[in-house]
Structures are given as structure tokens and as C-alpha cells.
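K.L.:
Structure for this input, please:
(chains A, B and C)
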Amino acid sequence: MNYLEELNDVQREAVLSTEGPTQIIAGPGSGKTRVLTYRIAHLINIGVDPFSILALTFTNKAAENMRRRIESICGAKARGLFMGTFHSVFARVLRVEAPKMGYPPDFTIYDTDDSRSLIKSIIKERNLDDKIYKPALVQWRISAAKNSLITPDMYAADPDLRIEDERQRRPETSLLYKMYCDRCFKAGAMDFDDLLLNTHLILDKFPEVLYKYQHKFRYVLIDEFQDTNFVQYDIVRRIADVFHNITVVGDDAQSIYAFRGATIDNILHFTRDYPDCKVFKLEQNYRSTQVIVKAANELIHNNKNQLQKEIWTRNEKGEPIKIIKTPSDNDEGRWVTDSILELCMRDHYRYSDFAILYRTNAQSRAFEEALRRHNVPYRIYGGMSFYQRKEIKDYLAYLKLTINPHDEEALKRIINYPARGIGQTTIDKITITAVNENKSMWDVIANIRAYNVAPRTLNAIEEFALMINSFRALLSKMNAYDLALHIGKTTKLIAELYSDKTVEGVNRYENVQELLNSIKEFTEDDEVTSDDALPADKGLGAFLQNVALLTGDEKEKSNTDTVKLMTVHAAKGLEFPVVYVVGLEENLFPSMQSLYSAEDLEEERRLFYVAITRAEKKLFLTYANTRYRNGQLHFSEPSRFIDEIPRELTNYAGIAADKNYGPAVPSWRNSTPPRANTSHTSSARTHTPPAEGPFTADDPALLQAGMEVFHEKFGEGKIIAIEGAGTNRIAAVQFADLGIKKIMLKFARLKIIRSGV
DNA sequence: GTGGGATCGGTTTTT
DNA sequence: CCGATCCCAC
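P.N.:
Below you'll find the model as predicted:
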């Protein structure tokens, strides 16, 4: 078995000792994925039935990647292996088992948007103020409860939670939680958390189900164990409770999902639950230069809450880490682009060797613009995923409704799209009736004649119900693709998009075609991993089951020689020869909300640790002096994380000084940074703005930076009138060559409301 | 009930 | 800057 020869001693041991509980602590670049894949491949090679192996990963990408690697070693033998994300694997289990809890086998999966929108409508129905009951917060609280295995009843009974909710002026949260669960259930829908919670509940309540999976999955392996939450660990622990062949792979230093309920405690609990477990520590780094490895070690030592571990490497020393300060976010984009072009020319790097990593998705803009200007091909990962686009969600809503007409979110989305004369008032009435009669909205619609409805509306609703029912009748007669196409045509959805010839419209049409393609692929894909316990299904229903769990960007586009842009979170598990970690500013990375708690700050530090350890050869850290965030100009201080890297590993000098990007070391490093002045807003009511100069800020630095952006965007201009008071004010600006434009001033930010004279 | 314009408000990270 | 929402004229 030649694959074993590629491994070092620890790695080989970790691959070969297949039996019993095993913990593999694997630092960045230590060949973690390799060990995990080889371990699975090895299991198959020594004769373990792939059907009895359960491998859980954190992302679809990781699962796919690993499956490919295993198949390249084992070939067809690897078929039938149970591998996927927690959510996708247990969604499959629930398709079989959830009817025991009263869910339909074709239950819908609500994504974050669906679930938020449902919460929103419940808040509205209860006549609560959505300024206080912010849907996102309520959703977060419900999610946290589910992840801690707290049911609505337990929530209501818990005095601590009640006190906390009352303190936050949201006493009805408990009730909302209950209503939310009821509504999901009635809609035949589960949200992401339900997939885990319900799996747990079923294993808990139905011993025969637990027995079945305990004996089916003789080997359980979990990747990115540090990112699992309480429920996830609980589920796998139960499943592995008979054979004890449970392997967890992870690195506490790379735990970056605590905000989502992941807990490092799982690592500690694991050694407590399996005191006899074997532990392997993979500390040799094969990825990065000594400089990068050293920087990473030094950085992470600032965290108190960390298992002792030190990564090391035999790789070359490497270049110092370059630290670059730019005047603005746009300059940052330009500088990085220049740097990429230079390295391509001088050192013959390819575009695909570069990654630009940022803290928030919103930061991608400046880089996109600069890269596009220089015709550098790039690809953005994450952000708005394919399946979150409006046109896709609309289309999918029809498909979902066909499968499960009780799906409330799908129904509300398309009941009047394309417009068919069913307005908001009617929809509200239906909702209220449904709630009052304890039915789903579909029950009301399908039986609309029983209610007193104006003839015109009644007609529209009946036609709608008839259409959906006609689709349902075809379910057993057509394959997924034909039916989807038929639905698109009948509803005029495709025609509507086709007629839109704007750039966005064409794009939307193409997206829908893309969706249809993927349905076709799904229909024709015959790689069946059939199994009596969990039969594979190729119908429209099965397609939809998967769709909610996909992030959609998995499909590689034709051109792969592209610069990659993504958040640090999305970069986990990846590596690149050259990495730019950008936007390294206090309040951004580390993020503003992490600065109040030590734990959160440590998570940010781990995130930065993940970011820099993606780099193989060259690492650049950049930050911008000024940046627009929610339309406001912000001055920034360099991130504290920059200071935590030993000076001898870094190079601040020569930073593009020849290109006028400004001095490398910030001038206010040890003094008070200038702050955006907001005092003028409060006095704005009585203050008449001066007749000239677009800014009333009295901070000269702010004025200066503001003017720069202003001129860059609009050229020379002069304010001739301002109306309004408060934060938003409309200014008429006279431009030398463009006439007069109306511009909205928001604090110091300019927004065009209307262009032209 | 529809559609357009004005206005307001807001931001981490993801399955 | 862009999406959600409000308001108003058809």
C-alpha cells in the first residue's frame, strides 16, 4: 500500500490504528486531511464495508474533496461511503425517520432566510415592535436554545432565561419560540438546527432507531471536531456507543465557530468520555515557511485558553511578512492588485496562487474593482450564494410547494409572483384564518370556497390552487427535470425572466438555466449509493432535500487560473502560495463586537491564526487608514494582531513609498487617533451649513480625507444648497462640467440620490 | 391591488 | 450602498 510511504511516523500511526476511540490533534498544514482520507481508505482496503463508515465534515467542499481523494485510492470500492456535512447526513437520516415524529418524509428545509422571515411574520402577527423584537436576535436566541437541547417547554419553564429575556425587554421570546416551532411543524419544515435537534430527539425516543444506526455505523470519523457543537457531539457519541470506533480530528487553535455554538469543550469532553482514547498530535507543518510558522506560534500564545501545542517546520526560512498601510480601502485594493501583477511578472506566479482573505464579505468590493480594472481574473467564494438569489428562491419555491404545499415560506413567496391579483391584505387574511383554525395556509387556500371572499380574489386563489395541484398530479408521471421545466413554463417564470433584457435580467435568466441544468444533472446522475437503511432517491423531492444545504458555489467554473477572494472563515482548510490578509484594522479584524469579551477576542485571534497559516510562501498583511463602512468614513488604527507578530519577522519598510501610498508606519501609532467627528450632526438642527465646501466637519483630518474621496468620485464640486436636518441631508452640488446634482450627505458620506440637472 | 419614488436604517463569520 | 418599508397616485 504505497500511500503509507508518503506519511511521517505520527501520521502513519494515526492512519493504521483503526480501532477504538482516537483523537487526532492536527495543527495547520500538518497533513490532517491526508491522514483522515488515508485512514478511511485504509479501512476500506482492509475490508471494512464502506456502508458502515460514517465520515462527517464541516463543509460540502471538504466532503467532496475527501470523497474524491478516497476514490482515487480505493476506486469503486469507496462507493457507498457515508460522507457529508452533519446537516446533509442527518437530513438523509431524517427523511427516513422523521415520520415517526409526525413530519412528512418530504419535509422542507428552511434556510436562514426562510426561518427569519417566518419569525418576522410571527412577530408581526403578535403585534410586537420589531425594533425591540429584532427578528435576527430572536432567531439567534431560538437557535441557541435548540443547540443546547432546550425545547420550547423547557425554555418557558426556565427562570434564568425568562429573567434574561425580560431584562432585554423581550418577555415574549419564549412564546415566539413555541409558535415558531408549531408553525415549522405545521408547514412540514425543519430549519438547520432542527436537523440536528430532531436527530437527537429521535435517537433519544426510539431505541430501535438508535440501535439501527449504532450497528450500521461501525466506524465514525469527524473532521474539524473543534467546530462541532453540543448536539452534534451528542449525536455521534450515541451512535458510536456500541463499537467505540470514533475518531475525531481537529485543532483547538483553529476553532472559529463558537459564535455558532461550537464549543472547544467537546475536545475536553471527548477525553473524559473516552479516557482510553489514543491521542495523536500532528505538529509538523508542511505548508509554510519558518517565518510564517513562527509568527503563528507567537500570535496564538497570546491566547490563555489554548491547549499546549507548537507547530514546527523543516521548510525554508522564507521572507519576512510584509505589512502595508494604505490611505484608503480603495488604495488597499489597488496595492494588492499591483502586487499580484508584479509577482506574476517577476516571479512567474499564476493567478491561482493568490488568495485575498478578509474578515467580512463586504470588503470584497474594493478588490473586485481594482482587479477588474487590470483584467485580473478572480473568483469570489461565499457572499450571496447561488441558492439565495431571488430568482432561484422564487423558482425553488414553486418546486418546494409542489412537493410540500404546506410550506408556508414557499407559499408566501410566490402566491403573488408573478402578480396574479392576490395582494397583501388577502395574504394577511389567509394567515390569520390559518392561525385561528390551527391549519396550514394551504389548507385554507385549497378550501377557499368555504370562506367569505370577494369573487375576484376567490377566483385568483382557486386558479392558483388548481395550478399547484396540477403540478402535484404530475409528480409521479414526470422526472424531476421535466416537471421543473413544465412548472417554469406554466407559471411564466421563465418567460418573465427571458423578457428582461437588462444586464441583471439576462444574468437572472442564466441563473435559472443553471438551476435547471443542475436538476437535469441530478436526474441523470446514476451514481446510486443504494442501501436499505437509507435508500437513495432521485426524484424532485430528493433534489430539494439537498438544495437547502448546498451553498451553491461548489461548482468550479471553467477558468480555474483565478485569484481567490474569500472570508477567512471560508478559507479554512485551504492553502495558497501567496496570501494577502487585508483590512487588518481594530474594529474590523478583530471585529468591533469582539472587543468586549476576552473569549471573543481570543476567537478573533484564532481566526487570524487560521488566516496567516493559509500561506505557503509569501504573506502580506494590509490595512487601510480610512475606510467606508455603512456609508461612513472611518479612521482606523492598525490591528493589535499586527503588533503581536515579532518585529524581526516583519517588514514594514519600502511599502510602496515609490508609489505614493504613504508612509508605512502610521503617524499616530502612539498618540490618539483622529476620530470621525459626529458632533456636527447633533447641532445640525440649528446650524445652517456654509454655502461652500461639501463638509461641515470641523476635524481637519476628516475633512481632508472626505474631500479626497469626494473629488475622486465626483471631481470638483461646490454645495449650493442643503435641505433637511439630522443625519441625512440633501445637498445640491454644482459641478464645473456636469451641472447640478442632488446628493445625499450622510454624516460625512455622500450618496447620490438623483443624477442629472 | 399595483408600482414607483422617497425615506430609513444597517452590517461578522456559515451549515 | 442597497434592501426593506412607507406612502401615494393610479
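
K.L.:
measure stretch A:179-193 end to end?
P.N.:
Chord length of stretch A:179-193, first to last residue, is 16 Å (C-alpha to C-alpha, to the nearest Å).

K.L.:
Quick one: residues contacting the closest residue to A:K393 other than its chain neighbours.
P.N.:
Counting by C-beta to C-beta, 6 or more residues apart in numbering, A:K393 lies nearest to A:R413, which is 6.7 Å off, once chain neighbours are set aside. Backbone N, C-alpha and C define where each C-beta goes, glycine included. When contacts are counted by C-beta atoms under 8 Å, 6 or more residues apart in numbering, A:R413 touches A:K393, A:D394, A:A397.

K.L.:
and the second one, what are its phi and psi?
P.N.:
Translated: A:D394. phi -60, psi -50 (degrees, to the nearest 10).

K.L.:
Verify the stated contact: it with A:L493.
P.N.:
Yes. Counting by C-beta atoms under 8 Å, A:D394 touches A:L493, with 6.7 Å between them.

K.L.:
Could you dump the contacts of A:R413 into JSON lines and include distance to DNA strand C, pLDDT and neighbour count?
P.N.:
What follows is the contacts of A:R413, written out as JSON lines (distance: C-beta to the nearest atom of the strand, whole Å; pLDDT from 0 to 100; neighbours: other C-beta atoms under 10 Å):
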{"residue": "A:K393", "distance to DNA strand C": "11", "pLDDT": "86", "neighbour count": "18"}
{"residue": "A:D394", "distance to DNA strand C": "13", "pLDDT": "88", "neighbour count": "20"}
{"residue": "A:A397", "distance to DNA strand C": "15", "pLDDT": "90", "neighbour count": "21"}
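
K.L.:
A:P207: which of these is nearest?
P.N.:
Nearest to A:P207 among the contacts of A:R413 is A:A397, at 38.2 Å by C-beta to C-beta.

K.L.:
Which residues are in contact with that closest one?
P.N.:
A:D407, A:E409, A:A410, A:L411, A:R413, A:I414.

K.L.:
Counting neighbours, what do you get for the third one?
P.N.:
Right, A:A410. If you count neighbours by other C-beta atoms under 10 Å, A:A410 ends up with 28.

K.L.:
Next SSE downstream of the strand or helix carrying it?
P.N.:
Element membership for A:A410, per DSSP states H and E: helix A:408-414. For helix A:408-414, the following helix or strand on the C-terminal side (DSSP H and E) is helix A:424-437.

K.L.:
can you tell me if that following helix touches DNA strand C.
P.N.:
No. On the criterion C-beta under 7 Å from any atom of the strand, helix A:424-437 is out of touch with DNA strand C, staying 9.4 Å away.

K.L.:
residues in contact with the helix or strand just after that helix?
P.N.:
Downstream of helix A:424-437, the next assigned helix or strand under DSSP H and E is helix A:441-446. Outside helix A:441-446, the residues that touch it by C-beta under 8 Å, 6+ apart are A:405-406, A:408, A:411-412, A:415, A:430-431, A:433-434, A:437, A:451, A:461, A:464-465, A:469.

K.L.:
what ranges do the strands span in the stretch 451-600 of chain A?
P.N.:
With strands called from DSSP state E, counting those that start in this stretch, the stretch 451-600 of chain A shows them at A:563-567, A:576-581.

K.L.:
how about the CA coordinates for the first one, as PDB?
P.N.:
It refers to strand A:563-567. The C-alpha trace of strand A:563-567 is given here as PDB (Å, rounded to 0.1, in the frame of the first residue of the first chain):
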ATOM      1  CA  VAL A 563      -7.200  35.000  -7.800                       C
ATOM      2  CA  LYS A 564      -9.400  33.800  -5.000                       C
ATOM      3  CA  LEU A 565     -11.200  36.100  -2.700                       C
ATOM      4  CA  MET A 566     -13.000  34.900   0.400                       C
ATOM      5  CA  THR A 567     -13.600  35.500   4.100                       C
END
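
K.L.:
Run a quick neighbour tally on A:R116.
P.N.:
18.

K.L.:
Pull out the buried positions in the helix or strand hosting it.
P.N.:
Per DSSP H and E, A:R116 falls inside helix A:112-125. For helix A:112-125, a neighbour-count test (16 or more other C-beta atoms under 10 Å) marks A:D114, A:S115, A:R116, A:S117, A:L118, A:I119, A:K120, A:S121, A:I122, A:I123 as buried.

K.L.:
Out of those, which are close to DNA strand C?
P.N.:
A:K120.

K.L.:
Tabulate the buried residues of helix A:112-125 in JSON lines, adding columns for pLDDT.
P.N.:
Output for the buried residues of helix A:112-125, formatted as JSON lines (pLDDT from 0 to 100):
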{"residue": "A:D114", "pLDDT": "88"}
{"residue": "A:S115", "pLDDT": "90"}
{"residue": "A:R116", "pLDDT": "88"}
{"residue": "A:S117", "pLDDT": "88"}
{"residue": "A:L118", "pLDDT": "90"}
{"residue": "A:I119", "pLDDT": "90"}
{"residue": "A:K120", "pLDDT": "87"}
{"residue": "A:S121", "pLDDT": "86"}
{"residue": "A:I122", "pLDDT": "88"}
{"residue": "A:I123", "pLDDT": "86"}
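
K.L.:
For DNA strand C, state which of the buried residues of helix A:112-125 is nearest.
P.N.:
Distance to DNA strand C across these (C-beta to the nearest atom of the strand) is lowest for A:K120, with 6.4 Å.
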